[in-house]
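Asker: Predicted model and sequence below, questions to follow.
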Amino acid sequence: MNKWTRRAFLSTGVIAGTGLVVGVAMRPGNRAQDLKGLVAGDGETLVHAYVKIDADNIVTAIIPHSEMGQGIHTSLAQMVADELDADWDLVRVEEAPAIGEYANYAVGKGFLFPGAKFPNIIAPSVDGTLMRVADALNLQITGGSGSIRFTGQLGSRVAGAATKQLLVQAAAQEWQVPESEIKTEKSHLIHTSSSRREPYSAFAVAASMMKPSYTPTLKTSDQFEIMGKHVERFDIPSKVDGTAQFASDVRLPNMLYATVTRSPVFGGSLIGTKDQAARAIEGVVDVVELPPIQSGDMIGAFAAGESVAVIAEGYWPAIQGLKALEIEWDNAGNDSISSEKIFARFDDAITSGQGRETDSVVGNAEDGFENATKVITADYRVPYLAHTCMEPLNATAEVKDGRCEIWVGCQNPLGFRQAVADALGFDTENVTLHNQFMGGGFGRKSRPDYAIQAALVAQHAGRPVQLIWSREEDVRQDFYRPAVQSRFRAALDNDGNPVAWENTYVDKNEPIEAPLIPYAIPAQNIGYVSSPTHVPFGAWRSVDHSQHGFFTESFIDEVAVAAGKDPYQYRASLLKEHPRHLAVLKKAADEAQWGRPLGEGKGRGISLQESFGTLVAQVVEATVVDGEISVDRVVAVVDAGFAISPDGITAQVESAIIYGLTAALYGEITIENGAVVQSNFHDYESVRMDKAPLIETHIINSGNAIGGAGEPGTPGIAPALANAVFDATGIRVRNLPLNQFNLRFGVEEAGLTG
Amino acid sequence: MAVLIVNGTRAEIEVDPSTPLLWVLREKLALTGTKFGCGIAQCGACTVHLNGSPIRSCSTPISAVDGKEITTIEGLAPSATELHPLQTAWIEHQVPQCGYCQSGQLMSAAALLANNPNPNDADIDSAMKGNICRCGMYGRIRQAIKTTASYYEVAGVSAAATESLEVSGE
């Protein structure tokens, strides 16, 4: 399996590798002139690549990001509209097409040069060059909680402000007045002394002929009128009446349906298929063996073996046909691998320390352990996790006359388009991709395997085909959140202060800072060993933070307990150098009334996690009765610098907590005989209405650089809950999911080394 | 051949009698608001009403609903220009995220309120726990149901009346 490679992009190697030299001029002028034929409809003027204005003065914000439920179309439109001084009631939104011209250079800029401020003189060159790099890398990714902090801050706001500037220039020329005398308000241009007031639409065409600034003056937060305010999401009305179109809702004339399966044992290859029984089923049209598939895409790289698809008049005969197939797979020697063996190998790798690399070395940890009054150790483990997006993977394709048209919900339309073109042997421009609303994404829909399969099946069928995965296939052919083991050792001095922190875990991915801790511990040695498995893995909401958040925020709790201190106060005492962290933690404790007596069988736990530029602290109150955990209340405090969409970030925190809570309570993909045991929601459970806690979210607008929103709420729920379970029961849970601890352990230490 | 009355319209369907209602709605009648989520009646995304009661259409063979009245999300609103009160509350509380499960959530909630216009938390748990939302919007769904119930209370709507309001959409 290819390693998940976003890290490669983040490293500066990409800059050197693509010859990006800041200062080499590539000043693209007004790109809108080249793009208007692609995105501007009748009566619409594309004034800026991201902004259209029509004859009725409707402003349409063009959004180079996919909508998977995070509300990004609305939030980014707020950023365009506010800088543009648009009338929000006249703002609409449209997703950018999957074409190279809409490759997302701002995301590249945000990842490559975090926080960098380029001098005005070179900013156009930097943006122009990044645009070329993003295009070359097929970068149109929605992930890494990057849409607002990168595209919004570096792209959408700039587009809004630059467009406003162009409109003012155009009006100033027409009216023969100085630009400085023209005001903008609610999508109108106003010259008070001559009593002129015209809608933006009156100057849209003239403005579109001018070259936009790359460095317009942006508003300060006290000038915001739409950013930071509650607005209703554009997509919600269509999501309450059944009209929202997801990829599986596409209906084409003459369309067939198909379903598919790959080797249950990862890495397996196809020996042969007996399909007589399947073909005998009424409605089954064909059975097709698909070749191995892969993508070398920067974001969605993967390789998988052959698959077998059944094409039919409907999904029902297709799935009946698939069940009737007798498929023989070569299991590539992987059929004796189990989760137990994988964890045994992880344990060996950590113990041997062979090839250990370090993330962070501060002071001398060995000295700390030698002089310690008390040393504590612990091993933590988390299992593989599937994404189980609500919408099973699907795509609809039509291949004819050397062209492919594909409808899919995905997190990287350009990357998918390239992967489909490569699989079909077509030139990129002969593939047209129509991105649809995603029924959940969570990282899974950055891998184009399902789109490639759909294209190959449609090519074979010679008719449009909608390929729909069964839920069973979705659970068993995922790119999983990796299983991970992490070993800790901490040294305490006479007063219970931590003097050394040592951590070794298995396998590093992204983000690189995920295992680091904010606490003032004078000696730290954090590192990792490698122990690759045959299980495909990928980005899962919050990526490596999802495991390290649980590990580090549980172990610091153990250290506090070993020191005989209150876990909140102990953390706070170690955060004196981090006032922003401390403020978030303190607010969570205050809002939850930390220390308030709880009843019998109840406990509370706390966690603090920085991820994707955002801080989240959580306090969980839980009840444990007869080994049954119920999560009563979650208080979350989020500091994303500034909340562009306060209800949006609140909803994301709620969502991220429930997603993480599902994993904490139930989430476990088990490998037996080289394959996944679980198959559907009956054995891969999800939090439901009756188990969902009351979540109280509080926002801090600290004024720091804007952070992400979609993922930062996920990492902290598992440790806060496990810490609450410890508080309630005295049982320290070091393995997830929690629902197994009573069954599996039921002893004082629900972990490996207790 | 099966005969269905879907959202008040009669439809004759030529299909294998074991075919689940879900696929007839989605593929034969192009009523794509009802979603496929699991295929085994575990997630609720496919929830529709059969003679007013919520059923999982992914696991209901067409032969079992022959001649019966089906309401889907497309038929929940009383008319083309009005929303069902639950739909209004869903917008007010900004409930959906990805939105994929919401047709099923709304159909389960509508059936709950039709029988019990003033549900308590336990009633809501019981009626809604068959519907998974992977975006985790349970708190908002609960609030939106309560908002709708309070609207009914203010309007003095009885259980029977909400039922007829429900039926009027069919």
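Answerer: Nice, thanks for sending it over.
Asker: Give me the nearest residue to the residue positioned nearest the centre of chain B, chain neighbours excluded.
Answerer: Nearest residue to the geometric centre of chain B (C-alpha atoms, centre = their mean): B:Met107, 1.7 Å. In space, and not counting its chain neighbours, B:Met107 is closest to B:Thr47: 4.3 Å by C-beta to C-beta, 6 or more residues apart in numbering or on different chains. C-beta coordinates here come from the backbone N, C-alpha and C atoms, glycine included.
Asker: And the pLDDT for the one you found?
Answerer: At B:Thr47 the predicted local confidence, pLDDT, stands at 98.
Asker: May I have the beta-bridge partners of it?
Answerer: Going by DSSP bridges, B:Thr47 is paired in beta bridges with B:Arg56.
Asker: so it touches B:Ile55, yeah?
Answerer: Yes - checked against C-beta atoms under 8 Å, the pair B:Thr47 and B:Ile55 is within contact range at 7.1 Å.
Asker: pLDDT below threshold where in chain A?
Answerer: A:1-30, A:105-138, A:741-754 (pLDDT under 70).
Asker: just to revisit the earlier point, mind checking which of B:Thr47 and B:Ile55 has more residues around it?
Answerer: B:Thr47 (30 against 21; other C-beta atoms under 10 Å in any protein chain shown).
Asker: how close does that one sit to chain A?
Answerer: To chain A, B:Thr47 is 12 Å away according to C-beta to the nearest C-beta, to the nearest Å.
Asker: Distance-wise, check that residue relative to A:Pro237.
Answerer: The spacing between B:Thr47 and A:Pro237, counted by C-beta to C-beta, to the nearest Å, is 20 Å.
Asker: same question, B:Cys133
Answerer: 18 Å.
Asker: more crowded one of these two?
Answerer: B:Cys133 (33 against 16).
Asker: Skip the chain neighbours and tell me the closest residue to that one.
Answerer: B:Cys101 (4.9 Å).
Asker: same check, this time on A:Val408
Answerer: Here the residue nearest A:Val408, using C-beta to C-beta, 6+ apart, is A:Ala395, at 4.0 Å.
Asker: And what about the one you found, helix, strand or coil?
Answerer: With DSSP: H, G, I helix; E, B strand; the rest coil as the basis, A:Ala395 sits in strand.
Asker: contacting residues around it?
Answerer: A:Ala395 makes contacts with A:247, A:406-408, A:450-451, A:453-455, A:466-467, as judged by C-beta atoms under 8 Å, 6 or more residues apart in numbering or on different chains.
Asker: and which of those residues is nearest A:Ala344?
Answerer: A:Tyr450 (33.0 Å; C-beta to C-beta).
Asker: Going by secondary structure, that closest one is in what exactly?
Answerer: Element membership for A:Tyr450 (DSSP states H and E) is helix A:449-461.
Asker: same deal with B:Thr32?
Answerer: Using DSSP H and E, no helix or strand contains B:Thr32.
Asker: Distance-wise, check the closest residue to it other than its chain neighbours relative to A:Gly242.
Answerer: Closest residue in space to B:Thr32, ignoring its immediate chain neighbours: A:Asp249 at 3.8 Å, by C-beta to C-beta, 6+ apart. To A:Gly242, A:Asp249 is 9 Å away according to C-beta to C-beta.
Asker: overlap in contacts of those two?
Answerer: With C-beta under 8 Å, 6+ apart as the test, A:Asp249 and A:Gly242 both reach B:Thr32.
Asker: For the stretch 601-750 of chain A, which segments count as helices?
Answerer: A:646-665, A:717-729, A:741-744 (DSSP state H, counting those that start in this stretch).
Asker: Could I get the CA-only coordinates of the longest one as PDB?
Answerer: The C-alpha atoms that make up helix A:646-665 are tabulated as PDB, following Å, rounded to 0.1, in the frame of the first residue of the first chain:
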ATOM      1  CA  PRO A 646     -20.500  31.100  14.900                       C
ATOM      2  CA  ASP A 647     -23.400  28.600  14.400                       C
ATOM      3  CA  GLY A 648     -21.300  26.800  11.800                       C
ATOM      4  CA  ILE A 649     -18.400  26.200  14.200                       C
ATOM      5  CA  THR A 650     -20.800  25.300  17.000                       C
ATOM      6  CA  ALA A 651     -22.400  22.700  14.700                       C
ATOM      7  CA  GLN A 652     -18.900  21.400  13.700                       C
ATOM      8  CA  VAL A 653     -17.900  21.000  17.300                       C
ATOM      9  CA  GLU A 654     -21.100  19.100  18.100                       C
ATOM     10  CA  SER A 655     -20.600  16.900  15.000                       C
ATOM     11  CA  ALA A 656     -16.900  16.300  15.700                       C
ATOM     12  CA  ILE A 657     -17.600  15.300  19.300                       C
ATOM     13  CA  ILE A 658     -20.300  12.800  18.300                       C
ATOM     14  CA  TYR A 659     -18.000  11.400  15.600                       C
ATOM     15  CA  GLY A 660     -15.200  11.000  18.200                       C
ATOM     16  CA  LEU A 661     -17.700   9.700  20.800                       C
ATOM     17  CA  THR A 662     -18.800   6.900  18.400                       C
ATOM     18  CA  ALA A 663     -15.200   5.900  18.000                       C
ATOM     19  CA  ALA A 664     -14.500   6.200  21.800                       C
ATOM     20  CA  LEU A 665     -17.500   4.100  22.800                       C
END
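Asker: re the thing from before, from the contacts of A:Ala395, which is closest to chain B?
Answerer: Using C-beta to the nearest C-beta, A:Gln466 is the member of these that lies nearest chain B, at 9.0 Å.
Asker: Spatially nearest residue to that closest one, not counting backbone neighbours?
Answerer: A:Thr396 (4.3 Å).
Asker: Enumerate every residue touching the one you found.
Answerer: Under the criterion of C-beta under 8 Å, 6+ apart, the contact list for A:Thr396 reads A:247-248, A:250, A:252, A:255, A:406-408, A:454, A:464-467.
Asker: May I ask which of these has the most neighbours?
Answerer: A:Ala454 (33 neighbours).
Asker: Now that that one has come up, it's in contact with A:Val408, right?
Answerer: Yes - using C-beta under 8 Å, A:Ala454 is in contact with A:Val408, at 7.3 Å.
Asker: can I assume A:Gly155 is in contact with A:Tyr50?
Answerer: Yes - with contact defined as C-beta under 8 Å, A:Gly155 reaches A:Tyr50; the gap is 6.7 Å.
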